[in-house]
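Asks: Generate a structure from the sequence data that follows.
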Amino acid sequence: MRKRGRRYREGQEKIEPGKFYSPYEAVKLVKEFAASGFDETFDVAIRLGVDPRRADQMVRGTMILPSGTGKEMTVAVFAVGEKATEAEEAGADYVGGEDLVEKVKEGWTDFDTAIATPDVMSLVGRLGKTLGPRGLMPNPKSGTVTFDIERAVRDAKGGKIEYRVDKQANVHLVLGKVSFEVEELLENYQAVLEELLRARPAAAKGRFLESITFSGTMSPAVPVDTSVTRDLIPEGVAT
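Replies: Alright, predicted model coming up:
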């Protein structure tokens, strides 16, 4: 078992056993715990009341965080001709057709998001073993296989994220950086809640939001009250 650092242990001692914190309190705690020499990522883990083994209870999709992720996203676009030019003008970091496919085939994956036009997917399809395990394979369902290249690049650069429930029925998402203002983190959290509730499968019965925790890269997880889904900043509280 990995030994935790002093600051992690001190943070854990401040979490009251059995208490579920309001989203506002939880954000404040995680920000208090974070004192590393770098700007930690602020994460949320949500356990859903679904059975991911059943196709009719799969929860997945994409969304844009209103306050962004705090990360500069590197975008690679597989396209040729006018669409390649469109991708470059939209701000894509890497653009190419067969040449880019060959580069990735050789093991290069120095990008966060891959986008492709439908007409080059026969080429990109060869990269399944390389891009698939890394979650980088372009997919029509996530909007990364499209002729609307300008919009796809803009969304990717602007904080668009993909979510998918795992085998344990958990959804893990980045809400931003611990340096974000409290309002920004809560705004992103509100957007996540609304998206997941919108994506709730009709086959899912009973309680949907089973458990929620907030944490920083180096901080302990803070249990969040699942019943608080609106009015996340208490009235009259200055952040």
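
Asks: pLDDT on the host helix or strand of Asp99, on average?
Replies: For Asp99, the host element (DSSP states H and E) is helix 98-105. Helix 98-105 shows a mean pLDDT of 96.

Asks: and the helix or strand hosting Thr62, what does it pack onto?
Replies: Assigned by DSSP H and E, Thr62 falls within strand 60-64. In terms of contacts (3 or more C-beta pairs under 8 Å, 6 or more residues apart in numbering; DSSP states H and E), strand 60-64 is packed against strand 160-164, helix 182-198. For glycine as for every other residue, the C-beta is placed from the backbone atoms N, C-alpha and C.

Asks: Distance from the chain centre to the helix holding Asp99, please.
Replies: Averaging C-alpha positions (C-alpha atoms, centre = their mean, to the nearest Å) puts helix 98-105 27 Å from its chain's average.

Asks: Over to stretch 120-134?
Replies: So, by C-alpha atoms, centre = their mean, the centroid of stretch 120-134 is 21 Å from its chain's centroid.

Asks: Repeat that for stretch 98-108.
Replies: Centre to centre, stretch against its chain (C-alpha atoms, centre = their mean), the figure for stretch 98-108 is 26 Å.

Asks: Give me the buried positions along it.
Replies: For stretch 98-108, a neighbour-count test (16 or more other C-beta atoms under 10 Å) marks Leu100, Val101, Val104 as buried.

Asks: likewise stretch 121-132?
Replies: Here stretch 121-132 shows Leu123, Val124, Leu127, Thr130, Leu131 as buried, counting by 16+ other C-beta under 10 Å.

Asks: Could you find the closest non-adjacent residue to Arg200?
Replies: Spatial nearest neighbour of Arg200, chain neighbours left out: Phe208 (5.5 Å); criterion: C-beta to C-beta, 6 or more residues apart in numbering.

Asks: gap between that neighbour and Ile46?
Replies: Applying C-beta to C-beta, to the nearest Å, the value for Phe208 to Ile46 is 10 Å.

Asks: Look up phi and psi at the residue lying farthest from the centre of the chain.
Replies: What lies farthest from the middle of the chain is Gly81; by C-alpha atoms, centre = their mean that is 31.4 Å. Dihedral angles of Gly81 (phi, psi; degrees, to the nearest 10) stand at phi 60, psi -140.

Asks: immediately after the worst-scoring helix or strand of the chain on mean pLDDT, which helix or strand?
Replies: Counting by mean pLDDT, DSSP states H and E, the chain has its least confident helix or strand at helix 6-14, which shows a mean of 79. Next along the chain after helix 6-14, taking DSSP H and E as the criterion, comes helix 23-33.
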